[in-house]
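Asker: Below are the sequence and a predicted model; questions follow.
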Amino acid sequence: MTRKPSLESLDLDSPLWQFALIFWRVPKAESLCLALQAKGWSVTRILCAIWLTTLGKTYKDESEGVCHWRRTMTLPLRSMRQAVPKGVAALSELRQQLAASELEAERVELALAFNALNRENEVSVPSQDVADTLFRCNLYAAAPDAQAIDQEARRLINSLTELLADHFITPVERQL
């Protein structure tokens, strides 16, 4: 029997959600994450891995509650949205509503992930070299499986690592 996630105490505006909003506005972040998503990766897992890197923490895995939510809510909404043809004026409102519902499901997914993350680890600001290594390790841990880390995925991970270094590890932190 699959255990349903606890939804009563969710913080939909958690620090993880706030980070995701900021990260998504970074040039190229969205396209890189969506390129990995097209290869079977979970953007939620990617965002968790990146966020934890900025905190100097290791990403290990996600809870069954997050997986359950993704399987039963986020992915079906995404499939419905993708099934609605683009560019058909009569269906544009439906497509927009499905996209908005998908985004809200992703927001809940991130809130569930935030609740499930191990917050016991000490937070430390990593140096650039440590951050790069931690980031790559975290993203490899966020991969759906070992086969998902092909040459193209490695290229995307390298690009995301550069974004992280440019936007989330400040020059002062780089000197530590």
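Answerer: Received, thanks.
Asker: Now the phi/psi pair for residue 145, please.
Answerer: Note on residue 145: backbone dihedrals following degrees, to the nearest 10 are phi -170, psi 170.
Asker: Poorly predicted segments of the protein, please.
Answerer: Within the chain, the segments meeting pLDDT under 70 span 1-6, 118-131, 169-176.
Asker: which SS class is residue 11?
Answerer: coil (DSSP: H, G, I helix; E, B strand; the rest coil).
Asker: can you pull the contacts of the closest residue to it other than its chain neighbours?
Answerer: Once flanking residues are discounted, residue 11 sits nearest to residue 111: 5.8 Å by CB to CB, 6 or more residues apart in numbering. No exception for glycine: its C-beta is placed from N, CA and C like everyone else's. Applying CB atoms under 8 Å, 6 or more residues apart in numbering to residue 111 gives the contacts 10, 11, 12, 14, 16, 17.
Asker: Show me what secondary structure element comes after the helix or strand containing the last one.
Answerer: With secondary structure defined by DSSP states H and E, residue 17 is part of helix 15-24. Past helix 15-24, further along toward the C-terminus, the next helix or strand under DSSP H and E is helix 29-38.
Asker: didn't residue 107 look like it was pressed against residue 12?
Answerer: Yes - assessed by CB atoms under 8 Å, residue 107 is found in contact with residue 12 at 5.7 Å.
Asker: the more surrounded of these two?
Answerer: Neighbour count, other CB atoms under 10 Å: between residue 107 and residue 12, residue 107 has more, with 19 against 11.
Asker: Check which helix or strand that one maps to.
Answerer: helix 92-116.
Asker: List the buried residues in that helix.
Answerer: Neighbour counts over helix 92-116 (16 or more other CB atoms under 10 Å) mark 95, 98-99, 101-102, 105-116 as buried.
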